[in-house]
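A.B. asks: the amino acid sequence is not available; the structure is as follows:
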């Protein structure tokens, strides 16, 4: 019988974990759907409602939260003869979510797509090649196997 040892991660507190904090902002289905729509160029409330079927109040709440969090910004527009309304545009903070969406799309395409294939792909605007997310270290090494990544306590880590 082998003695059991606790993983080193149990020695460290998860208070203030930025993955948990990110999921507080992004971790709800409709939030990610709203971001997908904005990345696809759908920026107006009514267009998002028609395209996604998100309940009106849920969409209102998600857009307000994403604006409050600085992921989206509201930009006014006015159709002739109509009241002022708003479009939703990505901020720099919002654009930084793009690799997360690409990674989710790739995972979904690999494991959840219908037999006819996935309904969405991301292409490089300049050459038309499909875009993929990848892991690489700050020294420039491409990591093809996720098991090559080792979690370590960061500068804000505290012992439990």
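C.D. replies: Looks like it arrived, so ask away. Only a predicted model underlies this, so the values are computations on that prediction, with no experimental measurement involved.

A.B. asks: make it CA atoms for all contacts and neighbour counts henceforth
C.D. replies: Noted.

A.B. asks: phi first, then psi, for the residue nearest to residue 78 when sequence neighbours are not counted.
C.D. replies: The shortest distance from residue 78 to any non-neighbouring residue, by Cα to Cα, 6 or more residues apart in numbering, is to residue 84 (4.6 Å). Dihedral angles of residue 84 (phi, psi; degrees, to the nearest 10) stand at phi -70, psi 140.

A.B. asks: could you report the neighbour count for residue 84?
C.D. replies: By other Cα atoms under 10 Å, the residues close to residue 84 number 10.

A.B. asks: thought residue 137 was touching residue 143?
C.D. replies: Yes - counting by Cα atoms under 8 Å, residue 137 does reach residue 143; the two are 7.4 Å apart.

A.B. asks: for the lowest-mean-pLDDT helix or strand in the chain, buried residues please.
C.D. replies: Lowest on mean pLDDT, DSSP states H and E among the helices and strands of the chain sits helix 18-26, with a mean of 91. For helix 18-26, burial by neighbour count (16 or more other Cα atoms under 10 Å) applies to residue 26.

A.B. asks: the strands in the protein, which residues?
C.D. replies: Assigned by DSSP state E, the chain shows strands spanning 72-78, 84-90, 135-136, 142-143.

A.B. asks: just to revisit the earlier point, more neighbours: which of residue 137 and residue 143?
C.D. replies: For residue 137 versus residue 143, neighbours defined as other Cα under 10 Å are more numerous around residue 143 (13 against 9).

A.B. asks: for residue 85, give me its contacts.
C.D. replies: Counting by Cα atoms under 8 Å, 6 or more residues apart in numbering, residue 85 touches 76-78.
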